[in-house]
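**Q** Predicted structure and sequence below. I'll ask about it afterward.
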Amino acid sequence: MKVFFVFVGVTASVLAAVIASDWTFWSRFMNIRDQTALSYPSWIAPTREVRGRFEEELPSVAPVDVTLTNKAITELVTYAETLDSFSLIVHRGLGIQFEAYWRGMGPDDVTETYSMAKSVLGIMVGFAVSDGFIGSIDDPVAKYVPEWDGADRSTLTLRDLLQMASGLEHYRFNFDVNQNPFNKAIRLFIGSNMEEAILRFDLTAAPGSEFTYNSANTQLLMLILQRAIGKPYAGYVSEKFWQPLGAKPARLWMDRENGMPKAYSFFQARPRDWLRIGLAIKNNGAVNGKQVIPANWLMQMKTPSPNNPKYGLQLWIGSPYVPERFYNSNTPVGVKQAEPFLVDDVVFFDGGGGQRVYVIPSADLVIIRTGMPSPQWDDGVIPNIILSDLGYGQTQ
């Protein structure tokens, strides 16, 4: 019995030492399963502000100029409410045609939009190329990450990361507290040293050989970008993008104080400021008549990648149509779409379970939707309700 108590005491001491060595990780680990898109903004810490330069809200069109019919608006509201939405904004022409919030929220309330952050990082890589911090997206990763200057990784390029074709090992994020806390994925998700975590990842396929939607790709891009620009990501986003957009402040989740932001998720901004991003993309990178996002970079982001024609550079592409869009072979359930988009030029930000920025230049249209993640989300419903109402897809 004495031996047993000694064993228990030693085990408890070792466990206490392990937890004390990285309290940030362990405190997150014990609480992460309880977080939702609603609770994340107040739960995550530490954070860093992305300063904006807000002057005025985007205009709404006068009621007499709203082109959406009451029938279309009713259909939009019904679908949005059925899937527990937080916000829905439809912008066409000179202003917002429709805007609604649920769960008591309003224009200044922020919720988590998950992987929509990936597309923001994709835009920022374009700025770094334009500014000369990154020579080319065809540069080898090892140019910026010399720790990876090995034979098996010698052909891995930034383009492979941007196109989700790196060959990096993939793990599904798992919110279960019963999982192995030393798993690479959970350390990348909630660890306190993102650089150390991402550098542990191995290759399981040849770079450029297959599409695997993988948050490790985006986090490695963040490491490369921060090293290349030599300054914090939040400041670079603010200077190059967020202030020119005229947005209110956004926030990033940092792995630790003065550390690295999580790049694949947790860029927390107002729905109206996601709308500003969508409008900039629709206008070929221009904001208030001034070129902000390099137009040639946007063209590259929208160009289908060799391994998945529905994915460009950290950006999803609406065509060609598939009834179910899969992320990777480790995720058996994809995103359903019952019918094709009624136009061929849809591009969009995809955040888990239906967080979306849809950009449809041919219809002069941007749509924002946020809400509780839902496996029932259908990508074609909201855009096609609006496009059909505007006369697209009708037999002439």
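**A** Thanks, I have the structure now.

**Q** My guess is residue 81 contacts residue 103. True?
**A** No. Residue 81 lies out of contact with residue 103 (Cβ atoms under 8 Å); the separation is 10.5 Å. C-beta coordinates here come from the backbone N, C-alpha and C atoms, glycine included.

**Q** ok but residue 350 is inside a helix, no?
**A** No. Remark: residue 350 does not belong to a helix; assigned using DSSP: H, G, I helix; E, B strand; the rest coil, it is strand.

**Q** For the closest residue to it other than its chain neighbours, what are phi and psi?
**A** The shortest distance from residue 350 to any residue other than its chain neighbours is 5.0 Å, reached at residue 316 (Cβ to Cβ, 6 or more residues apart in numbering). Backbone torsions of residue 316, given as degrees, to the nearest 10, read phi -90, psi 150.

**Q** Check what pLDDT residue 316 gets.
**A** Confidence per residue is given as pLDDT, and for residue 316 that number is 98.

**Q** how near is it to residue 346?
**A** Per Cβ to Cβ, to the nearest Å, residue 316 is found 9 Å from residue 346.

**Q** Quick one, grab the pLDDT at residue 2.
**A** 55.

**Q** Might you report the residue contacts of residue 310?
**A** Residue 310 sits next to 304, 316-320, 322, 325 when contact means Cβ atoms under 8 Å, 6 or more residues apart in numbering.

**Q** any idea how far it lies from residue 334?
**A** To residue 334, residue 310 is 11 Å away according to Cβ to Cβ.

**Q** what about the closest residue to residue 354 other than its chain neighbours, how many neighbours?
**A** In space, not counting the residues next to it along the chain, residue 354 is nearest to residue 377; the distance is 3.6 Å by Cβ to Cβ, 6+ apart. Using other Cβ atoms under 10 Å, residue 377 is surrounded by 21 other residues.

**Q** if I read this right, residue 377 contacts residue 355, doesn't it?
**A** No. Judged on Cβ under 8 Å, residue 377 makes no contact with residue 355 at a distance of 9.3 Å.

**Q** Please determine how far residue 264 is located from residue 216.
**A** Distance from residue 264 to residue 216, counting by Cβ to Cβ: 8 Å.

**Q** What are the phi and psi values at residue 85?
**A** phi -80, psi 160.

**Q** no wait, residue 263
**A** In terms of degrees, to the nearest 10, the main-chain angles of residue 263 are phi -90, psi -30.

**Q** Let me see the confidence value for the closest residue to residue 272 other than its chain neighbours.
**A** Beyond its immediate neighbours in the sequence, the residue positioned closest to residue 272 (Cβ to Cβ, 6+ apart) is residue 107, lying 5.5 Å away. What the model reports for residue 107 is a pLDDT of 95.

**Q** Lovely, talk soon.
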